[in-house]
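Student: any chance you could fold what I've pasted below:
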Amino acid sequence: MRIAVPNKGRLHEPTLSLLERAGLHVEETADRQLYADTVDEDVTVLFARAADIPEYVRDGAADLGVTGLDQAAESGGVVDGAGAAAEGDLVDLLDLGYGSCRLVLAAPEDGDIAAVEDLVDKTVATEFPNVTRDYLDRVGVDADVVTVTGATELTPHVDMADAIVDITSTGTTLKVNRLAVIDDVLDSSVRLFARPDVVDDPKVEQVLTAFESVLAADGRRYLMMNAPKARLDEVKDVIPGLGGPTVMNVEADADGNGMVAVHAVVDERDVFETISELRSVGATGILVTEIERLVE
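Tutor: So this is what the prediction gives:
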């Protein structure tokens, strides 16, 4: 099985990090710029431009692809489940939680475009013509779409277009170029995509589970402690855990009091307050560790 991943840019390192954390260590090879083996002999990583990855998956050069939703949507159809897929569609298996951005409709702050309806018979410049046409169809506006390959934000100021559809993360570039956001076109982030015919493949399901376990572990911490058995209910009330804690009997303390070991998964944001509250109900030897993967 081949997984196509970005070969450079801001998505490259986070994607390699995800593979590592998921247990798919990428082996160093002389042809690393094109492909690489992993510790799983059945899984190979294919390095490609983020914009090309959807086509690699559609054409069968790769079975899975990691790239932005914006790139996948621009190249063709994207659906949430294999059952709803038409020919050429990709299945969006999992939001990987990084590379977030928005595709927005924007126009000059001092111009005549204040709402999407104002675009009738106007011109929109973009690097995402297919996404833009789909958006205009959804909102019922007839406008011309001009494809550009860079510096999209300049086109309204040189009379090439009345508005643009472009990517923004913070909005700074739009503000610098005196452009105001009119509407959101697409919320994008990096996703795991597959062809419909491989969604049920056991190896695909194994990779999906591995990625899900990494995401589930983010922002979670594992707590271990000893606590008086007589105060176990109080300890349970304190722990805002993932389900109930795991409780095991241990030897009595020096005074002969019954003790239990309590293990629980908690939200990282709750750890500070939780430790103080646990100590107040008699917990001792509290240990906090990071979680690499969590299979729920």
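Student: tell me the phi and psi of R231?
Tutor: In terms of degrees, to the nearest 10, the main-chain angles of R231 are phi -110, psi 20.
Student: ok, it touching V281?
Tutor: Yes: with contact defined as Cβ atoms under 8 Å, R231 counts as touching V281 (5.4 Å). C-beta here means a position set from N, CA and C on the backbone, and glycine is covered the same way.
Student: give the rounded mean pLDDT of stretch 246-266.
Tutor: Mean per-residue pLDDT for stretch 246-266: 84.
Student: list of residues touching it?
Tutor: 220-230, 232, 235, 239-242, 245, 274, 283, 291, 294 (Cβ atoms under 8 Å, 6 or more residues apart in numbering).
Student: what do you get if the cut-off is 7 Å, keeping everything else the same?
Tutor: Identification of contacts with stretch 246-266 by Cβ atoms under 7 Å, 6 or more residues apart in numbering yields 220-230, 232, 235, 239-242, 245, 274, 291, 294.
Student: now stretch 108-126
Tutor: So stretch 108-126 is contacted by 105, 107, 132, 139, 141-148, 152, 155-156, 160-166, 178-180, 182-183 (Cβ under 7 Å, 6+ apart).
Student: please repeat the previous calculation with a cut-off of 8 Å.
Tutor: Taking Cβ under 8 Å, 6+ apart as the rule, stretch 108-126 contacts 105, 107, 132, 136, 139, 141-148, 152, 155-157, 160-166, 178-180, 182-183.
Student: buried residues, that stretch. List them.
Tutor: For stretch 108-126, burial by neighbour count (16 or more other Cβ atoms under 10 Å) applies to 108, 113, 116, 118-119, 122-126.
Student: circling back: mark which of the contacts of stretch 246-266 are part of helices, please.
Tutor: Judged by DSSP state H, the contacts of stretch 246-266 include 232, 235, 274 as members of helices.
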